[in-house]
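# Show me how the following folds:
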Amino acid sequence: MNKIFKIFLICCVCFNSPQVLAQINEYIASETSRIDAAERTEVEIQNFIHANFNKYKLSDEMNVQVIQHLKNEDAFTDAELENALIEAKKHELRKLFFVENPETKSNYVAKPIPVSIMQQCVNGDFENGTAGYSFWTDSHAQPSSGTAFFLSCATPTALTATNVVTPATNNFNASITKIDNTSPGYQQFDPALASFGVNIPTLPSNGGNKCIKLNNAGGMGSSDLSTVSRYFPNINQSTIDFNFSLIMDNKPAHGQEIQPYFRVRVLDQFNNVVDEICIIANPDNCLFNRIDVAPDRRILYTGWICARLNVEDILNQPGTIEFSVSDCQPSKHFGTVYIDNICGTICATPQLGALSLDPTNLNCPDTVGNTPFQVCGTYQPPVSATLNTISLDITQNGVVIGTINAPTQITANTFCFTVLPSIFGADPSGDYEFDIHATFNVNCPPGTFIYDIYDHSANLGPDVTFDNCCQATLILTSPNDDHNNLAVPSVKIRERSNWIKAANVIQVGNTTIGNGVVYHAENYVELIPGFEALSGAQFAAYPEGCSGTSLYKNQDGSKTLKEIINLAPQEDDSVKLVKTTLGFAIVPNPSISVIEISMKHSEFNRVTITTIDGKIVSEHQMEWTNAAQLDVSRFAHGVYIVSIVTNDGQLLTEKLIKN
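Just a heads-up that it's a prediction; the model follows:
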């Protein structure tokens, strides 16, 4: 209790500093301006779709894909087919807008919080709207890739030039919705569940006035994967806790590999997954409540619960949290989730449990004397679950080289494994990771469900290193030893028990905290002719033996960050539309006397007829119309050019043959 009180007191001091408050307010104002611009762009997009809907048609390939996909799903009506084709066309027109107006995309990308503020949880609860967050939806409209896009929890997603969106307020049919109980259209309970007599609040009891809802309950016509992402310039606590309320459609005939899923993950600055939770629609999972809608359909839901992600591996490093929810692969069965309180709260009882290895960074354990060392950590069972097994794997390059099947010490929430260096083999070399795996059993009406929880590393970088294990001397030369701070630790961190002489080049890498090139030796590090640290590179050298705990030290102790907004890998942004020629018809053609000029999808108010060499022989101004009759009987025999001006300013021409 005292600890919690002290943390609260410190936070109060930080947030009540006038300078910090001013910076936070400035950041929120900047983000609000960006979001307003994105909302204006959304209006432009809808106008663009309306103005161009009849000017384009879906490619024949896309039409076939939509129809074929629906045939592979359940029975569908003509109206459902027409709606699927309309939605596919709107989606392609949205992509076309961003292709033609690429500068508008920046309005959808959250600006990183200023480094000077360094408060991880500014607007963690959406009470300042969507400041700090980026949103996108991958709409696989009966996808051109068939079923290849859907990899369940491994399905890739990334912000691209054409999939960005801005949340609509209280629009439960939108792909992404900002729930706001102070705005029109707010609904206290989720409408999909309420239609079955189940009232689950759209806002958590501890969530204030706002939250975010990803995906809708529509289904049919597009397998949508919607995402909200937030970049943290500095992860300054060991866990990120959050609240969510999950609702999923479930069809018994579908296998688990194509059911809707909800995924939340934390990525490090290099886009590696630090921790991940993925929940697939499964009625056997004790997490879910269940509504049997029909023999071939169930609704699964959780209500509001809290969960925890372990980010201790990237403490004091940049990171990104990413929430995604997807419809099923065939698209008719939906997945949707409400999210709130992203960080800034403490989840006392994580519904899905928690598992964490204590930080470990060992260099050259004693393989000669086989001196044991401890690998410890903490765990918290999922709600109502009991610990079944807990084991430790030692891996190198993803390959398990040794396993310890049970801890030597275990309590209600801690464990320790005794590790003998001999487990690394006779002549270990390179980097190794600790991988902890625990299983928990929970009983519920469907039966016993097993939760698997992992922690794949104890900290950022290798947990154990066998590189240059206290050799005496080292000479570095160019170009073979040229490198930067993006190199692997065994290259960018050099240790010797006597001396190091460097004649290599340190190149520019990045400016991430504590990620510089480090040389240290017991007696001295000598920079000899040929050595160069390029402007912008990070390099430090200082006397120290083979401690295995090298730290990059800036001369002034300052810290710098690299702002990272990941936009890769890019999805296929090609637009599957064909521009239609509006054109107009001349009937009859050839003609002897009276002709009729008509259009199907537009109107005109001026008709000009010229000879083939450009001389005007007839010109008519009229009210806007889509059809007009003209007498050409007095024209000489020959070929003429008929020109009209449409209501959107286009000049269209056709040839007329006068007999």
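# helix or strand for His91, which one?
Element membership of His91 [criterion: DSSP states H and E] is helix 78-100.
# so what does that helix touch, helix or strand wise?
On a contact count with 3 or more C-beta pairs under 8 Å, 6 or more residues apart in numbering; DSSP states H and E, helix 78-100 meets helix 18-52, strand 56-58, helix 60-72, strand 577-579. Every C-beta, even on glycine, is put in place using the N, C-alpha and C of the backbone.
# got the angle for the helix or strand just after it vs helix 78-100?
For helix 78-100, the following helix or strand on the C-terminal side (DSSP H and E) is strand 134-140. For strand 134-140 against helix 78-100, the angle by axes from the mean of the first three to the mean of the last three C-alpha atoms, to 10 degrees is 130 degrees.
# pLDDT of strand 134-140, averaged?
In this model, strand 134-140 has a mean pLDDT of 91.
# Flag every buried residue along that strand.
Residues of strand 134-140 classed as buried: 134-140 (neighbour count, 16 or more other C-beta atoms under 10 Å).
# Ok, stretch 360-375 next?
In stretch 360-375, counting by 16+ other C-beta under 10 Å, buried: 360-365, 367, 375.
# what's the answer for stretch 630-637, then?
Buried residues in stretch 630-637, defined by neighbour count with 16+ other C-beta under 10 Å: 630, 632, 635.
# in which helix or strand would I find the residue lying farthest from the centre of the chain?
In the chain, Arg634 marks the outermost C-alpha relative to the chain mean, sitting 68.2 Å out by C-alpha atoms, centre = their mean. Under DSSP H and E, no helix or strand contains Arg634.
# Check the one 10 residues further on too.
Here Ile644 is covered by strand 638-646, with elements defined by DSSP H and E.
# repeat for Thr177
Going by DSSP H and E, Thr177 is in strand 176-180.
# partners of that strand in the sheet?
Looking at strand 176-180 with DSSP bridges, its partner strands are strand 168-169 (parallel), strand 210-214 (antiparallel).
# what does the longest one contact?
Spelled out, that is strand 210-214. 125-127, 129-130, 133, 167, 172, 175-181, 202-204, 226-228, 323-325, 336-340 (C-beta atoms under 8 Å, 6 or more residues apart in numbering).
# can you check stretch 25-36 too?
Residues from elsewhere that reach stretch 25-36 (C-beta under 8 Å, 6+ apart): 107, 110-111, 113-114, 117, 122-123, 128-132, 166.
# Show me which of those residues is closest to Met62.
Distance to Met62 across the contacts of stretch 25-36 (C-beta to C-beta) is lowest for Thr166, with 25.6 Å.
# next SSE after the helix or strand harbouring Ile339?
Using DSSP H and E, Ile339 maps to strand 335-340. The C-terminal neighbour of strand 335-340 among helices and strands, as given by DSSP H and E, is strand 354-357.
# From the contact counts, what lies against that following strand?
Packed next to strand 354-357, using 3+ C-beta pairs under 8 Å, 6+ apart, are strand 297-310, strand 373-380, strand 430-444, strand 447-455.
# Try it again at 10 Å.
Here strand 354-357 is seen to pack against strand 239-250, strand 273-280, strand 297-310, strand 373-380, strand 414-419, strand 430-444, strand 447-455 when contacts are counted using 3 or more C-beta pairs under 10 Å, 6 or more residues apart in numbering; DSSP states H and E.
# Restricting to C-alpha, output it in CSV.
Coordinates of each C-alpha in strand 354-357 appear next as CSV, following Å, rounded to 0.1, in the frame of the first residue of the first chain:
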residue,chain,number,x,y,z
ALA,A,354,1.0,-13.0,-16.3
LEU,A,355,4.6,-14.4,-16.6
SER,A,356,7.9,-12.6,-16.4
LEU,A,357,11.6,-13.5,-16.2
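# State the next helix or strand along the chain beyond that strand.
Going down the chain from strand 354-357, the next helix or strand is strand 362-363, by DSSP H and E.
# thinking in terms of the whole chain, how far from its middle is that following strand?
The chain centre lies 34 Å from the centre of strand 362-363; the measure is C-alpha atoms, centre = their mean, to the nearest Å.
# Span of stretch 46-58 from start to end?
One end of stretch 46-58 sits 18 Å from the other (C-alpha to C-alpha, to the nearest Å).
# Could you list the residues in contact with it?
41, 63-66, 85-86, 88-94, 96-97, 100-101, 141, 575-582, 600-602, 648, 650 (C-beta atoms under 10 Å, 6 or more residues apart in numbering).
# Quick check on those residues: which are buried?
Those of these that meet the buried threshold are 41, 63, 65-66, 85, 88-94, 96-97, 141, 575-577, 582, 602, by 16+ other C-beta under 10 Å.
# send the alpha carbons of stretch 226-239 over as PDB?
Provided in PDB are the C-alpha atoms of stretch 226-239 (Å, rounded to 0.1, in the frame of the first residue of the first chain):
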ATOM      1  CA  SER A 226      -8.900  -3.100 -37.700                       C
ATOM      2  CA  THR A 227      -6.000  -1.800 -35.700                       C
ATOM      3  CA  VAL A 228      -5.100   1.000 -33.200                       C
ATOM      4  CA  SER A 229      -1.500   1.600 -32.500                       C
ATOM      5  CA  ARG A 230       0.500   3.900 -30.200                       C
ATOM      6  CA  TYR A 231       4.200   4.600 -30.100                       C
ATOM      7  CA  PHE A 232       6.000   5.200 -26.800                       C
ATOM      8  CA  PRO A 233       9.300   7.000 -27.000                       C
ATOM      9  CA  ASN A 234      10.300   5.500 -23.700                       C
ATOM     10  CA  ILE A 235       8.800   2.400 -22.000                       C
ATOM     11  CA  ASN A 236       9.200   3.400 -18.400                       C
ATOM     12  CA  GLN A 237       7.400   0.600 -16.500                       C
ATOM     13  CA  SER A 238       7.700  -3.100 -16.700                       C
ATOM     14  CA  THR A 239       4.100  -3.900 -17.700                       C
END
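# That one: which residues count as buried?
226-235, 239.
# Pick the one among those closest to Asn589.
Among the buried residues of stretch 226-239, Ser226 lies closest to Asn589 (C-beta to C-beta), at 51.2 Å.
# tell me the mean pLDDT over the helix holding His91?
Mean predicted confidence for helix 78-100 is 83.
# mind listing what Ser574 touches?
Contacts here follow C-beta under 10 Å, 6+ apart; on that basis Ser574 touches 59, 92, 95, 99, 144, 162.
# how near is the second one to Ser574?
Noted for Glu92: a distance of 9 Å to Ser574, by C-beta to C-beta, to the nearest Å.
# joint contacts of those two?
59, 162.
# Dump the helices and strands packed on strand 354-357 to JSON lines, plus mean pLDDT and distance to Phe531.
Putting the helices and strands packed on strand 354-357 into JSON lines (pLDDT from 0 to 100; distance: least, C-beta to C-beta, whole Å) gives the following:
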{"stretch": "strand 239-250", "mean pLDDT": "95", "distance to Phe531": "42"}
{"stretch": "strand 273-280", "mean pLDDT": "93", "distance to Phe531": "35"}
{"stretch": "strand 297-310", "mean pLDDT": "95", "distance to Phe531": "41"}
{"stretch": "strand 373-380", "mean pLDDT": "94", "distance to Phe531": "36"}
{"stretch": "strand 414-419", "mean pLDDT": "96", "distance to Phe531": "39"}
{"stretch": "strand 430-444", "mean pLDDT": "93", "distance to Phe531": "26"}
{"stretch": "strand 447-455", "mean pLDDT": "91", "distance to Phe531": "40"}
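# Many thanks, we can stop here.
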